[in-house]
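1. predicted model follows, preceded by the sequence.
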Amino acid sequence: TVQKALQLLKDERLVVGRAGAAVTVREHRQWTVRPAAYMAPAEPGEPYRWVTESSQGGAGARSELLEVAEVVPPADVADALGLAMGCTALLRGQLLLTDDEPVELVKSYYPLDVARDTAIATRRRIKGGTPMLLADLGYPPRLTVDKVSARVPTQEQYRALRLPSNLPVLRTLRVVYSDDERPIEASVLVKAGHLYELRYEFTAD
C-alpha cells in the first residue's frame, strides 16, 4: 500500500525518488500569468514578452522553435482564420520552458497571404516577436480573443510537456484581429494545467 501511494505521488510529480536516496517532497511551483501582457510588441533589444513576464519571479525562461511549415490547420483554427476546408496556413510551433522545464506548447497559424515570404516563414527567431513584425507588415494587432478550456492531453502534448499522468492541460485558442476585424493569427496554446493559473483583468466598459 505504501509503495502504491508513493508511486502515485511520483506520477503526479509531488515527490521525487532517487535510487539509494530518500523520497523527498518536490517544490510545487505555479505561475500566475497575464495573457494580455504578451500581446504588446517588445521594446527594441528586449526579449519576447513571454520571456520577460515569466522571468519576473526569478525563473529562467526560454523558447525553442520546433517547426515552421505550411500545413492544414485544425478545424477551429481554420474557422477562426476564415479558411476553407483543406486550405493551408503557415505554422510556427514553439516549446516554452521555465528553468528548463517544458511548460507550454504553442502552435501559431497565419494566413499565407500575410506570412509567406516574410520572416514568419523562416526558421529563426523574430526580433521583437510577431506582434511587432505584423505591425511592420501593415497588420497591427487590434483585438485578441481567447477561448480557454481544460482538456485531456494528446500524446504529442503529453510527451512534449512531460506531463504527470491523469492531469489535464489548459488549451487556449487565441485569435488576433487587425484592422477591419481581419484575423491575422490564430494560436493554440497548451499549458501544463498543474503549473499555471491565468489572470484576466476587465474594466466596467
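-> All right, it came through fine.

2. for this structure, which segments count as helices?
-> Chain-ordered helices for the chain, with DSSP state H as the definition, fall at 2-11, 49-54, 75-81, 112-115, 130-136, 155-160.

3. of all these, which one is nearest G93?
-> helix 155-160 (9.6 Å; CB to CB). Using the backbone N, CA and C atoms, a C-beta is placed for each residue, glycine as well.

4. who touches that closest one?
-> Taking contacts as CB atoms under 8 Å, 6 or more residues apart in numbering, the residues outside helix 155-160 that touch it are 95, 102, 105, 163, 169, 190.

5. sorry, back to before: can I get the helices of the chain in CSV including mean pLDDT?
-> Output for the helices of the chain, formatted as CSV (pLDDT from 0 to 100):
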stretch, mean pLDDT
helix 2-11, 72
helix 49-54, 62
helix 75-81, 97
helix 112-115, 96
helix 130-136, 91
helix 155-160, 92
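
6. out of those helices, which is closest to R142?
-> Ranking the helices of the chain by their distance to R142 (criterion: CB to CB) puts helix 130-136 first, at 10.1 Å.

7. then the closest one to PDB, C-alphas only?
-> What follows is the C-alpha trace of helix 130-136 in PDB, where atoms were taken according to Å, rounded to 0.1, in the frame of the first residue of the first chain:
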ATOM      1  CA  THR A 130       5.300  38.600 -34.200                       C
ATOM      2  CA  PRO A 131       3.200  41.500 -32.900                       C
ATOM      3  CA  MET A 132       5.900  43.900 -33.900                       C
ATOM      4  CA  LEU A 133       6.500  42.200 -37.200                       C
ATOM      5  CA  LEU A 134       2.800  42.000 -38.100                       C
ATOM      6  CA  ALA A 135       2.500  45.800 -37.400                       C
ATOM      7  CA  ASP A 136       5.500  46.500 -39.600                       C
END
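
8. least confident pick among the contacts of helix 155-160?
-> Comparing pLDDT over the contacts of helix 155-160 singles out L163 as the least confident position, at 85.

9. how many other residues sit next to it?
-> Burial measure for L163: 21 neighbouring residues, criterion other CB atoms under 10 Å.
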